[in-house]
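this is a predicted model, with the sequence first.
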There are 2 protein chains.
Amino acid sequence: MPIQAISWSPSGAVRILDQRALPDAEISRDLESGDSVVEAIRQLQVRGAPLIGIAAAMGLVAALRDHRAAPRARFLARAKELGALLNAARPTAVNLGWALERMLRVADGTPGDGADLWERLRVEATAIWEEDRAMCRRIGEHGLTLLPDGANVLTHCNTGALATGGIGTALAPIYLAHERGRRVHVYVDETRPLLQGARLTMWELGKAGISCTLITDAVAATLMRQAKVDVVLVGADRICANGDFANKIGTYGLAVLARHHAVPFYCAAPWSTVDATLSDGELIPIEQRSPAEVTVIAGRRTAPEGASALNPAFDVTPARYVTGFVTDRGIVQPPFSERESQS
Amino acid sequence: MPIQAISWSPSGAVRILDQRALPDAEISRDLESGDSVVEAIRQLQVRGAPLIGIAAAMGLVAALRDHRAAPRARFLARAKELGALLNAARPTAVNLGWALERMLRVADGTPGDGADLWERLRVEATAIWEEDRAMCRRIGEHGLTLLPDGANVLTHCNTGALATGGIGTALAPIYLAHERGRRVHVYVDETRPLLQGARLTMWELGKAGISCTLITDAVAATLMRQAKVDVVLVGADRICANGDFANKIGTYGLAVLARHHAVPFYCAAPWSTVDATLSDGELIPIEQRSPAEVTVIAGRRTAPEGASALNPAFDVTPARYVTGFVTDRGIVQPPFSERESQS
């Protein structure tokens, strides 16, 4: 079984596996406060669009433990403050705002005082996590048709057990195909600058005994040209109504290369990743991260002192490049309507 | 003026700037023997297709210093041995074999004993270096038309003063445009795994006061989509008769992306990079380097112990993706004939 990226600690804190330390060390951290959850999300100790939604929901509960004795109004006010704090941790993934909005709506709709509301929120956060786990498995099942015995998949970044509450999004079909005895081989883009492919995907696929080969991001084009890639599977941080989607920087280039080489290109994500309030990808806020993530690797400067660098964390892939969206509801095509995305 | 990557030491050794140490430290090394030149080429202390040709020619001379007293036959035999040794240092760049063949042909054609032949070889190696410097400048002049005031160029790897005996190949037009007061901005692919863009191109452009921005390799697609790139300029390690060419891994993907976004894509190289004995790119030997260059960065493992990785140093770009070849003879189109390539 793949590893577990998040859980409750015995005292009710959010227990995470610190993903910055992988693959060198497996370090668990208990996040006790809203601030510590925000920091963990910002520093990518916990990352992956579905997982940061779960972490925020659970973090809200952990941070509200001390307010259980508060009267209803004060509890709700504090919950809203914490929600705003957590929601500002990172801008691109829709799951963060989605999970927090759901939590606050549930709090609002629950009668009683702090203790009642808190208990309801704890149940809701656990439900978000468990629903995500179930969605991962359904994504995996729907995606299985893409992976016949002997399939060669190319993937980008990390979209597995370390990015979700379950077996992942784009990696879920791979885990299930492996479970059923199909031989699947995965080419893993290292995914500069933060190397989530090298550090995280290689680690979790290796643990699961799935055959995988690490490549630098610039090798993908040549593998496609050599017909060594049967399908490209990536995740998503936000999917617009028209099907344009944001994902880790480098995804758009892969989509263009896949189309050029007639390689099917699938985006796998839970339905909660759809943000039908955005008509198209131009409207997705793209997080710009520190240039130091590009100019310094493992503590060593790789560019001259003072070098300027661009570091967009995500890019937008227009829907027309996507063969299909592998979701918990099946392999679907845009447009995605508001009504569906709220269900 | 750009820096000087190679020269003769006072004692006649090959003096190089150790490119592995850049940008942290500027370390000169004097290569005294054939073995030390081979090691320097293998370890990429000295790199860049034109520069390794020059280094090999100069290395042959440095290594033959001790054989000046030898009779003709013994001197020639030793020269051939050394030529074979040096030629095996790296497989992909044609310049290495080209320069050594030219040196050995000159030795064969020169009358006299060791001292006469050695003196002739010293002159020839210096000529190869000086011709390369002149070719760089002519490449720069022919490429100037591609860089009007305000141009945004994207480049890959290092093709500048650190890759040649002069001002570079793909960087030569940029140096000359800057010299003439045109505002040019360069997006520099960091070029994983060995980061020649980040470490070397950013360093030499910065020294020359040319505006440049470092990006991870996967950012290029998005910049093209945003119309921030007016032209792509790359170098070449070997150009076939039909115009297919080998260059640093990642070049082919850039070519596909450039075509998709209607961005002109030029390959800049001296005519000596043409290997008209090869009809097409399928015949170019592609160097596979150690997986450790991918899995370890700056001494730190980035992938789990035992992770498998692919590390092709080069890829092949078919001629049909190339808008034009910027050479010392002008901006030209294939096919390139045997007769021309020998001149």
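Received, thanks.

any buried residues in the helix or strand hosting A:Trp98, and which?
Secondary structure from DSSP states H and E places A:Trp98 in helix A:94-108. Neighbour-count burial for helix A:94-108, counted by 16 or more other CB atoms under 10 Å in any protein chain shown, picks out A:Val94, A:Asn95, A:Leu96, A:Gly97, A:Trp98, A:Ala99, A:Leu100, A:Arg102, A:Met103, A:Leu104, A:Val106, A:Ala107. Bear in mind the C-beta positions are built from the backbone N, C-alpha and C, glycine included.

which neighbouring elements make contact with it?
helix A:49-63, helix A:72-87, helix A:114-143, strand A:274-275 (3 or more CB pairs under 8 Å, 6 or more residues apart in numbering or on different chains; DSSP states H and E).

what's the closest of these to B:Pro285?
helix A:114-143 (38.7 Å; CB to CB).

quick revisit: which of the helices and strands packed on helix A:94-108 sits most buried?
helix A:49-63 (a mean of 29; mean count of other CB atoms under 10 Å in any protein chain shown).

angle of that one against helix A:114-143?
On the basis of axes from the mean of the first three to the mean of the last three CA atoms, to 10 degrees, helix A:49-63 is oriented at 170 degrees to helix A:114-143.

let me have the helices and strands packed on helix A:94-108 in TSV, adding distance to chain B and mean pLDDT as columns.
Below are the helices and strands packed on helix A:94-108 laid out as TSV (distance: least, CB to the nearest CB, whole Å; pLDDT from 0 to 100):
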stretch	distance to chain B	mean pLDDT
helix A:49-63	18	97
helix A:72-87	26	98
helix A:114-143	22	97
strand A:274-275	20	95
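
just send the ones you listed back as a markdown table, with distance to B:His156 too.
Below are these laid out as a markdown table (distance: least, CB to CB, whole Å):
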| stretch | distance to B:His156 |
| --- | --- |
| helix A:49-63 | 31 |
| helix A:72-87 | 39 |
| helix A:114-143 | 34 |
| strand A:274-275 | 35 |
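
circling back to that earlier point, can I get the helix holding A:Trp98 in PDB, CA atoms only?
Provided in PDB are the C-alpha atoms of helix A:94-108 (Å, rounded to 0.1, in the frame of the first residue of the first chain):
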ATOM      1  CA  VAL A  94      -8.700  25.600  -5.900                       C
ATOM      2  CA  ASN A  95      -9.000  22.700  -3.300                       C
ATOM      3  CA  LEU A  96      -7.700  25.000  -0.500                       C
ATOM      4  CA  GLY A  97     -10.500  27.500  -0.800                       C
ATOM      5  CA  TRP A  98     -13.000  24.800  -1.700                       C
ATOM      6  CA  ALA A  99     -12.300  22.800   1.500                       C
ATOM      7  CA  LEU A 100     -12.400  25.900   3.800                       C
ATOM      8  CA  GLU A 101     -15.600  27.200   2.300                       C
ATOM      9  CA  ARG A 102     -17.200  23.800   2.800                       C
ATOM     10  CA  MET A 103     -16.000  23.800   6.500                       C
ATOM     11  CA  LEU A 104     -17.300  27.300   7.200                       C
ATOM     12  CA  ARG A 105     -20.600  26.600   5.600                       C
ATOM     13  CA  VAL A 106     -21.000  23.500   7.700                       C
ATOM     14  CA  ALA A 107     -20.100  25.500  10.900                       C
ATOM     15  CA  ASP A 108     -22.700  28.100  10.000                       C
END
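
pLDDT of it, averaged?
Averaged across helix A:94-108, pLDDT comes to 97.

same deal with stretch A:236-253?
97.

does it reach chain B?
Yes - Stretch A:236-253 is in contact with chain B by CB under 8 Å from any CB of the partner chain, via A:Ile249, A:Gly250, A:Tyr252, A:Gly253.

cool, and stretch A:176-185?
No - residues of stretch A:176-185 are not located near chain B by CB under 8 Å from any CB, the shortest gap being 10.3 Å.

so what pLDDT did A:Arg300 get?
For A:Arg300, the predicted pLDDT is 88.

any idea how far it is from A:Trp98?
Applying CB to CB, to the nearest Å, the value for A:Arg300 to A:Trp98 is 38 Å.

try A:Leu195
In terms of CB to CB, A:Leu195 sits 27 Å off from A:Trp98.

what segments of chain A are helices?
Secondary structure of chain A (DSSP state H): helices at A:34-42, A:49-63, A:72-87, A:94-108, A:114-143, A:172-179, A:196, A:202-207, A:220-225, A:251-260, A:292-295, A:338-342.

if we ignore the residues flanking it in sequence, what's nearest the residue located most distally from the centre of chain A?
No residue in chain A sits farther from the centre than A:Pro71, which is 35.3 Å out by CA atoms, centre = their mean. Residue nearest to A:Pro71 in three dimensions, not counting chain neighbours: A:Asp113, with 5.6 Å by CB to CB, 6 or more residues apart in numbering or on different chains.

one more: A:His261?
Per CB to CB, 6+ apart, closest to A:His261 is A:Met224, 4.0 Å.

now swap in A:Arg192 and tell me
Per CB to CB, 6+ apart, closest to A:Arg192 is B:Thr216, 4.1 Å.

spit out the contact partners of the one you found.
A:Arg192, A:Pro193, A:Asp217, A:Ile249, A:Gly250, A:Val294, A:Asn311, B:Asp189, B:Glu190, B:Arg192 (CB atoms under 8 Å, 6 or more residues apart in numbering or on different chains).

pLDDT score assigned to the first one?
The per-residue pLDDT reported for A:Arg192 equals 98.

rewinding a little: the helix holding A:Trp98 vs helix A:72-87, what angle?
Going by the same axes, to 10 degrees, helix A:94-108 makes 180 degrees with helix A:72-87.

and helix A:94-108, how far from the chain's centre?
17 Å (CA atoms, centre = their mean, to the nearest Å).

and the pLDDT at the one residue in the stretch 1-150 of chain A that gets nearest to chain B?
Of all residues in the stretch 1-150 of chain A, A:Pro23 sits closest to chain B, at 4.1 Å by CB to the nearest CB. Per-residue pLDDT puts A:Pro23 at 93.

got it, and A:Pro2?
64.

tell me who's in contact with A:Cys267.
Applying CB under 8 Å, 6+ apart, the residues near A:Cys267 are A:Ala170, A:Val234, A:Gly235, A:Ala236, A:Ile239, A:Phe245, A:Asn247, A:Thr317, A:Val322, A:Gly324, A:Phe325, A:Val326.

oh, that last question was meant for A:Leu223, not what I typed.
A:Leu154, A:Tyr187, A:Ile215, A:Val229.

export stretch A:38-47 as CSV, just CAs?
Taking C-alpha atoms only, stretch A:38-47 is exported to CSV below (Å, rounded to 0.1, in the frame of the first residue of the first chain):
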residue,chain,number,x,y,z
VAL,A,38,0.0,27.9,6.8
GLU,A,39,3.8,27.6,7.2
ALA,A,40,3.8,23.9,6.3
ILE,A,41,1.8,24.6,3.2
ARG,A,42,3.9,27.6,2.1
GLN,A,43,7.1,25.7,2.6
LEU,A,44,5.7,22.7,0.8
GLN,A,45,6.1,20.4,3.8
VAL,A,46,2.6,19.5,2.8
ARG,A,47,1.7,19.9,-0.9
